[in-house]
Structure formats: structure tokens, C-alpha cells
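Asker: Need a 3D model of the following:
(one chain, ligands or ions: 1)
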Amino acid sequence: MEETTKPQATTERPASGEAAPIIRFRGVHKSFGDKVILDGLDLDVPEGQTLVIMGPSGTGKSVTLRHVIGLMQPDQGQVEVWGKDVNQIARKELVALRKRIGYLFQDGALINWLNVGDNVALPLRENSKLDEAEIREKVEHKLELVHLPGIWDRMPGELSGGMRKRVGLARALITDAELILYDEPNAGLDPEMSGSINQLIAEIADTLGITSVVVTHLQSCVRVVADRVVLLEKGRLVVDLPRDEFLASKHPRVRSFLGDDPD
Ligand SMILES: Nc1ncnc2c1ncn2[C@@H]1O[C@H](COP(=O)(O)OP(=O)(O)OP(=O)(O)O)[C@@H](O)[C@H]1O
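Answerer: Numbering: from 1, shown residues only. Presented below is the predicted three-dimensional model:
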């Protein structure tokens, strides 16, 4: 599949005086036993930006995403989302904050015994007072958004890997999320499906103006979706650059990480 390159956005280096970033990590440390994963991580993600996090396996990329929604707490440091310290706010506030955030898990995390429509509807049934007709309308709209109209009755087991991810994405968007976190959206997909997921991520960012954080190993994903790329190593950012500068960078860690392999 031919992949287009996303035009360079202007949000990589916000001018001083702009609104506070949506996500702000300050001095975040996280260890498991004696294994240090995050070692004083500082990271800002401004509104509307698509940030890609790259880095070697086991370096804490998924752990970073989990901190954003308070699924993990730092040992030291702060994680602020929309100006609120995720680990200091009341449970009720955290639940409200999570409704504004979509999380696409690696395998789409669909419930196998529920059909597609019921999977996508789940967050609304659990967290809203909408009636069935309103839920149906919202679910159908989100399935259209991910280019899977009319598949309400299909079961997850009947879907391809790429379709499962897109259904997972529809569910991540169902509460009208303003921020979406993608954990390895291309994992387990063949190049064609991987390309169409990349296109969809870029399309959703553009059409909904949603802020996105994408963890990936793939340059093909970076080329299509990223405004900015950070390289995480040993629990800190070693590189933080606008996409095109990242891809062309002669920084030894970037070159050693990307190599000459286009993917
Ligand atoms: N709940 C946990 N308990 C103990 N160790 C954990 C836990 N979650 C993550 N880890 C460890 O933290 C390290 C970082 O994990 P993480 O999943 O963030 O890596 P990653 O950078 O996303 O890697 P990959 O690219 O392979 O997915 C790994 O060594 C992992 O085993």
C-alpha cells in the first residue's frame, strides 16, 4: 500500500506563552524491584500533537503510557494530565479524566463473547446514562469513523487482526476521547494492514483534532503519523525531535536504533 507522508505540523516547538501541555511528566521514576525503568523522565505533549515514542524493547514505553491514565503510579515525580496530578486527584476525578482518554491496547482487547457493537458500546453502558437508541447511534458513528460500518453483529473471532484493532479504536473513541494512547498499533499486522492502521491514526488525529501518543518500533508508522518523535532509553529521553529531523538525524542513538532498515 502506498503511504503518504503527513505534512509537518507546526506544534513541535510551542512558542512560550502557549497553553500548558496536555501531558506533563516531571522527574518520573519507576522501578520494579531493583530494576529501574523510568529514571527521572520529563516529557510534555502539547494539545493537538501526535507524539511517537520509540525505544528498545523493555525500555518503559508501555509503562509510560500506563502512567498517563493512572494505571501505574510513579515512585517519585509527577504525572499531570490537563493540569491535574493523576496520582493526587480523587478517584471520581480520575474516572472523569479517563473518560477523556482512549487507550488502544496491542491486541485491541476485545471481549470475545460480545459482538462488535456491544464491545464498542461497553464504556457507554458502564459510564453513561444514554439510552439504547443514543448508544446505537454513537457506536455506528464510531464504526463508520474507523471504516467498518454495519458490522455490529459480527463476533471478534470472525475479524482479521486489522479489523480487531479498528474496532478497538472505535471503542477507545466512543466516549469522545480528546487524547488517545496507542500501544504498538501495528503489532501482529501484515504490512498492508499496518499501513491502513497508520493512515487511520493520522486521519483521526486530523479530523478530530485529537492529541495522540503512539508507541511503535516502525519507521513506516513514524512517517505517516508523527509530528514529533522521542527516543526513550534507560528511562530517559535521549532524543526529542520533529519527525523529519528525527528520521534524518545523525545522532548515534537514532542511527543505531533505526539502522538503514526502512521498517
Ligand atoms: N507490572 C509490572 N511488574 C513488574 N515489571 C514490569 C511491570 N510492567 C512492566 N514491567 C517491566 O518493565 C519493563 C518495561 O516494560 P514495558 O512494557 O514498558 O517495555 P516497552 O518499552 O513497552 O517494551 P516493548 O517494546 O518490548 O513492548 C520490562 O522489563 C517489563 O518486564
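
Asker: quick one: contacts for L114?
Answerer: Counting by C-beta atoms under 8 Å, 6 or more residues apart in numbering, L114 touches 122, 156. Every C-beta, even on glycine, is put in place using the N, C-alpha and C of the backbone.

Asker: go again using 10 Å as the cut-off
Answerer: Listed by C-beta atoms under 10 Å, 6 or more residues apart in numbering, the contact set of L114 reads 120-122, 155-156.

Asker: and if you look at K30?
Answerer: Counting by C-beta under 10 Å, 6+ apart, the residues that K30 touches are 36-39, 41, 60, 63-64, 66-67, 72-77, 235.

Asker: Of those, select the buried ones using a PyMOL command.
Answerer: Buried residues within these, by 16 or more other C-beta atoms under 10 Å, are selected in PyMOL with:
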select buried, resi 37+38+41+60+63+64+66+67+72+74+77+235
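
Asker: if we look at the ligand, which of the contacts of K30 are close to it?
Answerer: Among the contacts of K30, the ones lying near the ligand by C-beta under 6 Å from any ligand atom are 37, 60, 63.

Asker: Now flag whichever of those residues is closest to the ligand.
Answerer: V63 (3.6 Å; C-beta to the nearest ligand atom).

Asker: Next secondary structure element downstream of the lengthiest helix in the chain?
Answerer: Using DSSP state H to define each element, the chain has its longest helix at helix 191-208. Per DSSP states H and E, the first helix or strand lying C-terminal to helix 191-208 is strand 211-215.

Asker: Name the strands paired with that next one and say parallel or antiparallel.
Answerer: Paired strands of strand 211-215, with direction, are strand 50-54 (parallel), strand 179-183 (parallel) (DSSP bridges).

Asker: Now do the buried residues in the first one.
Answerer: Right, the one you point to is strand 50-54. Residues 50-54 are the ones in strand 50-54 that count as buried (16+ other C-beta under 10 Å).

Asker: can you put those in TSV and add distance to the ligand?
Answerer: Putting the buried residues of strand 50-54 into TSV (distance: C-beta to the nearest ligand atom, whole Å) gives the following:
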residue	distance to the ligand
T50	18
L51	15
V52	13
I53	8
M54	9
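
Asker: Redo the residues you listed as JSON lines? Include pLDDT and distance to V225.
Answerer: Shown next, in JSON lines, are the buried residues of strand 50-54 (pLDDT from 0 to 100; distance: C-beta to C-beta, whole Å):
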{"residue": "T50", "pLDDT": "95", "distance to V225": "5"}
{"residue": "L51", "pLDDT": "96", "distance to V225": "10"}
{"residue": "V52", "pLDDT": "96", "distance to V225": "7"}
{"residue": "I53", "pLDDT": "96", "distance to V225": "12"}
{"residue": "M54", "pLDDT": "94", "distance to V225": "12"}
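
Asker: Next, see if the helix or strand of the chain with the lowest mean pLDDT gets close to the ligand.
Answerer: Ranked by mean pLDDT, DSSP states H and E, the weakest helix or strand in the chain is helix 252-258, scoring a mean of 85. No - on the criterion C-beta under 6 Å from any ligand atom, helix 252-258 is out of touch with the ligand, staying 11.7 Å away.

Asker: helices and strands around that helix, which ones?
Answerer: Counting contacts by 3 or more C-beta pairs under 10 Å, 6 or more residues apart in numbering; DSSP states H and E, helix 252-258 packs against strand 50-54, helix 219-225, strand 228-233, strand 236-242, helix 243-248.

Asker: Render the CA-only coordinates of the fourth one in PDB, please.
Answerer: Spelled out, that is strand 236-242. What follows is strand 236-242, C-alpha atoms only, in PDB (Å, rounded to 0.1, in the frame of the first residue of the first chain):
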ATOM      1  CA  ARG A 236      15.000   9.000  29.900                       C
ATOM      2  CA  LEU A 237      14.500  10.800  26.600                       C
ATOM      3  CA  VAL A 238      17.800  10.700  24.700                       C
ATOM      4  CA  VAL A 239      16.300  12.300  21.600                       C
ATOM      5  CA  ASP A 240      13.300  14.600  21.100                       C
ATOM      6  CA  LEU A 241      12.800  16.000  17.600                       C
ATOM      7  CA  PRO A 242      10.200  16.900  15.000                       C
END
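
Asker: Perfect, that will be all.
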